[in-house]
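[1] got a sequence here, can you model it:
(chains A and B)
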Amino acid sequence: MRTESTSPRRSRGRGRRSPLASAALLLVGLLATGGVYAAFTTAATAETTQRIDALADEGEKLFLANCASCHGLQAEGTDAAPTLIGVGAAAVDFQVGTGRMPMAATGPQAEAKPVQFTDEQVKALAAYVATLAPGPAIPDEKYLTGEGDVAVGAELFRTNCAMCHNVAGAGGALTEGKFAPDLHNVDPAHIYEAMVTGPQNMPVFNDLNITPEDKANIIAYLTYLDNNSSPGGLDLGGLGPVSEGLFAWIFVLGAVVAVTVWLTAKSN
Amino acid sequence: MTDTMERPSTTGATQAQEGPGRGMRFTNWAANWVDERTSMSGLVKELGRKIFPDHWSFMLGEVALYSFIVILLSGTFLTFFFQASMAPVEYEGSYAPLKGLEMSSAMASTLDISFDIRGGLLMRQIHHWAALLFVASIGLHMLRIFFTGAFRKPRELNWVVGFVLFVLAMGEGFTGYSLPDDLLSGNGLRIIDGMIKGVPVVGTWISYLLFGGEFPGEAIVGRLYTLHILLLPALVVAAIGVHMVLLIVNKHTQFAGPGRTNDNVVGVPIMPVFAAKAGGFFFIIFGVIALVASTVTINPIWNYGPYDPSPISAGTQPDWYIGFADGALRLVPPGWEFQLGPYTVSMNILIPILVLVLFLLVVALYPFFEAWITGDKREHHIADRPRNAPMRTAIGAAGVTFYAALWAAASSDLIATHFRLAVEGVTHAIQALLIFGPIIAGVVTHRVCIALQKKDREIALHGYESGRIVRLPGGEYIEVHEPLSDFERWKLVSFEEYQPLMVRPDARGRITAGQRLRASISRFFFEDRISPVTQTELEAAHSDHH
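    Reported below is the predicted structural model:
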């Protein structure tokens, strides 16, 4: 810069620029661009790390305020609740994102209820727990579109999921008052996270067991069930012969008996 | 409401005298042509003059008959498209979530009926809903017969025929349920296979014979199909025939009422009123079934997918009429099976089978048991009001409770999820209900019946309480009772009263153990009883009135 500031005076005297001036200018230009670029990029990286750190910090605060009383100050677990070290962001996003955590009361299992945190807070908690130890991350959007091979998804669902969740995803009973919930209209991310993390009584279906693509196929089948009502009419909850039998006794036989009473009523 | 005995022959005859029209002439000619060749007029006259009393509960058997006709019609349609074969094929129909899957042709053709054959799904649903209604109406019909004592002499035999029909209907239902070869039906067959294999010594042999080898094999659907569309329907039709003939021979029962005695039948004759009503009733039943079948899904096999021995669905149950058997299996406490040398004796399977068989036997043989207890050899054509046979009604209530407990147990998992209970708690509660429920229900029903009889007696003697209090000139307050009409009183006072049988020595002067047992059961039955109001009591009550 100093060279440049002095050169006009000289050139005014000599009339022409020094031959070295272009080289100097080029050098200065390169330095400036590179420097600015470098400055900006480092600033950007720092900012991202800072933002994640900020998110995790925010998450840590939320954790200490809302979760630590049961899960321990370092998420190391207590007698009341398991450790969260290594459960990963996916577990937090599932448990907190469906309202299961924080629990309203101890019971056979934590049940879905209105979500207690905003989406950002859930993500902050997830980010914090993810910093504790490696664990399953929140799934990639590309697996959550609800598109995929429905037939493969349906077959996998029947083989791996239906014994607890029922073939139509209507849910079912487990032992001691626990139950596998209804899977209708569940957020695809939560279905995926449940498979990866195995919340509560559910087994873990890791990526070797069911590949991410097949998880997407299962989600596609459940989405198909959500979007397509039963071809036969009312589905009676998809519960199978019990609801059909009740319907037959109460409504069909009930209607028929009403008709018999009507037919044999004495005319006045 | 008229007895045909008083009716002039037919209205057609009167018209013929006035000169019949062309249509009537043709009818007469055709009727005559047929009659000259078949001598049917005697039969038609006889049948056409049969009297049917009018009461809503007398029509439940008809419901069963009509739903059976609906089943035959819709079933015939289904046989045109169903392929009873377990040969594997790749499904290429229009239901996306099963496309490209390997399955049996039975399953694939059922899916084709559901999705690719016009009206097929409706027909499937009509067939299945009609089947549920068929067995349900048989059940309700049986309860009506039982609680009104309509199984007494001379109708014991028809009770047994009806019972056979009930069992055949369950067999029809189960074989039909197993045909589509979907996951649900395969799991149902697996349970049957397990029950058969639980039978000592012969079980495994029978299972291999039935399935043509190791379960599931490739033979069972074809075999069940033969049973479902040939053998069982033939037996059902034959049994219905016998049931109807016996109904005509024995005539229908009626409730007590003015002019209705044990020796007559009061009601409408088959021709023309009853036949017209019955014809209309058939279409109403068909209509109800069609309405339900077109709006409510039944057995969505597309959810269940093809049968594969490894998966099973939560909430896997049989259709309702097999539920009591499933429930019996579910209620067995753990640990009943034991080792006998190298063999496992599956008492956890054998006891429920035994209980079910015994229960069904009790149902089948109850009329003979009651006849033995009462020692009554007379014919009975007047249906009892349930309260007037307290012990029978109590036994019926106990039986219903027992069946209901088994039935509820089949849905223990759904009861648990829908009422937020632990499935173990539900099972234990139903186990207790199975043992104590019938006793409690029996005792309570017995007392309620006797209380109702007391109330009837009170009303018959003194009339209804009017709620009007009158002060007499002497200062006494009385409530005015409204007297009954003779018609109303008739219903309240005409019923049988049985007394405990006396123990009497037989010809050789001995009292057998059987006689003692009979007398003690009889005492148990009839010790607590309310006698019907007698004429003397009525007169006394009337003269007593102010």
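[2] output the below-cut-off pLDDT ranges for the chain.
    No chain in the question, so chain A it is. A:1-17, A:39-52, A:267-268 (pLDDT under 70).
[3] wrong one, I was asking about chain B
    B:1-19, B:544-546.
[4] for stretch B:334-354, buried residues please.
    Neighbour counts over stretch B:334-354 (16 or more other CB atoms under 10 Å in any protein chain shown) mark B:346, B:348-350, B:352-353 as buried. To be clear about C-beta, it is placed using only N, CA and C from the backbone, and glycine gets the same treatment.
[5] any idea how far apart the tips of it sit?
    17 Å (CA to CA, to the nearest Å).
[6] with stretch A:166-177 instead?
    From its first residue to its last, stretch A:166-177 covers 17 Å (CA to CA).
[7] what's the answer for stretch B:372-383, then?
    19 Å.
[8] which parts of it are buried?
    B:373-374, B:380-383.
[9] near chain A at all, that stretch?
    No. Applying CB under 8 Å from any CB of the partner chain, one finds stretch B:372-383 out of contact with chain A, separated by at least 14.3 Å.
[10] closest residue of the stretch 101-250 of chain B to chain A?
    Minimum separation of the stretch 101-250 of chain B from chain A (CB to the nearest CB) falls at B:L132, amounting to 3.8 Å.
[11] and for that residue, the neighbour number?
    The number of residues packed near B:L132 is 25, by other CB atoms under 10 Å in any protein chain shown.
[12] the one 3 residues further on too?
    Neighbourhood size, B:V135 [other CB under 10 Å]: 22.
[13] contacts only, for the nearest residue to it once chain neighbours are set aside.
    Excluding its sequence neighbours, the residue lying closest to B:V135 (CB to CB, 6 or more residues apart in numbering or on different chains) is B:Y321, at 4.3 Å. Residues near B:Y321 by CB atoms under 8 Å, 6 or more residues apart in numbering or on different chains: B:132, B:135-136, B:139, B:169-170, B:173.
[14] quick one: B:Y321 is in a helix?
    Yes. Under DSSP: H, G, I helix; E, B strand; the rest coil, B:Y321 sits within a helix.
[15] and it, how far from B:E497?
    Distance from B:Y321 to B:E497, counting by CB to CB, to the nearest Å: 37 Å.
[16] before we move on, what about B:T295?
    Per CB to CB, B:T295 is found 51 Å from B:E497.
[17] got the contact list for residue 101?
    In the absence of a named chain, chain A is used. A:67, A:92, A:95, A:110.
[18] the chain in question should be chain B.
    B:L101 is in contact with A:151, A:155, B:90-91, B:305-306, counting by CB under 8 Å, 6+ apart.
[19] count of neighbours near B:I395?
    Around B:I395 there are 22 other residues, counting by other CB under 10 Å.
[20] correct me, but it touches B:G442?
    Yes. If you go by CB atoms under 8 Å, B:I395 and B:G442 touch, sitting 6.6 Å apart.
[21] the longest strand in chain B is where?
    When chain B is parsed with DSSP state E, its longest strand is strand B:464-471.
[22] show me how far stretch B:458-471 is from its chain's centre.
    40 Å (CA atoms, centre = their mean, to the nearest Å).
[23] can you add secondary structure and give the buried residues of stretch B:372-383 back as CSV?
    Shown next, in CSV, are those (three-state DSSP):
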residue, secondary structure
B:I373, helix
B:T374, helix
B:H380, coil
B:H381, coil
B:I382, strand
B:A383, strand
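[24] farthest-apart pair in those, please.
    Greatest spacing in the buried residues of stretch B:372-383, by CB to CB: B:I373 and B:H381 (20.3 Å).
[25] that older thread, just the ones of the contacts of A:M101 in helices?
    Among the contacts of A:M101, the members found in helices (DSSP state H) are A:92, A:95.
[26] now the contacts of A:M101 in a markdown table, with neighbour count and distance to chain B?
    Formatted as a markdown table, the contacts of A:M101 follow (neighbours: other CB atoms under 10 Å in any protein chain shown; distance: CB to the nearest CB, whole Å):
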| residue | neighbour count | distance to chain B |
| --- | --- | --- |
| A:C67 | 23 | 26 |
| A:V92 | 28 | 27 |
| A:Q95 | 28 | 21 |
| A:A110 | 18 | 14 |
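[27] output the contacts of A:M101 as TSV; include the columns distance to B:P269.
    What follows is the contacts of A:M101, written out as TSV (distance: CB to CB, whole Å):
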residue	distance to B:P269
A:C67	81
A:V92	79
A:Q95	73
A:A110	69
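[28] just the contacts of A:M101 now: which is nearest A:L55?
    Nearest to A:L55 among those: A:V92, at 12.3 Å, using CB to CB.
[29] leaving out chain neighbours, which residue sits closest to the closest residue to chain B within the stretch 51-200 of chain A?
    The nearest approach of the stretch 51-200 of chain A to chain B comes at A:G172, 2.5 Å away (CB to the nearest CB). Of all residues not flanking A:G172 in the chain, B:A314 sits nearest, at 2.5 Å (CB to CB, 6+ apart).
[30] direction included, what does the longest strand of chain B pair up with?
    strand B:477-482 (antiparallel) (DSSP bridges).
[31] hmm, who's touching the partner strand?
    With CB under 8 Å, 6+ apart, strand B:477-482 has contacts from B:462-472, B:545-546.
[32] domain parsing for chain A?
    For chain A, automatic domain parsing gives the domain ranges A:24-138, A:140-252.
[33] just the ones you listed: most buried one?
    domain A:140-252 (a mean of 20; mean count of other CB atoms under 10 Å in any protein chain shown).
[34] how long is that domain from one end to the other?
    Start to finish, the residues bounding domain A:140-252 are 49 Å apart (CA to CA).
[35] setting the sequence-adjacent residues aside, check what's closest to A:F251.
    Nearest residue to A:F251 in three dimensions, chain neighbours excluded: B:V292, at 7.2 Å (CB to CB, 6+ apart).
[36] which of the residues in the helix or strand that contains the one you found are buried?
    Using DSSP states H and E, B:V292 sits in helix B:275-295. Buried residues in helix B:275-295, defined by neighbour count with 16+ other CB under 10 Å: B:277-278, B:281-282, B:284-286, B:288-290, B:292-293.
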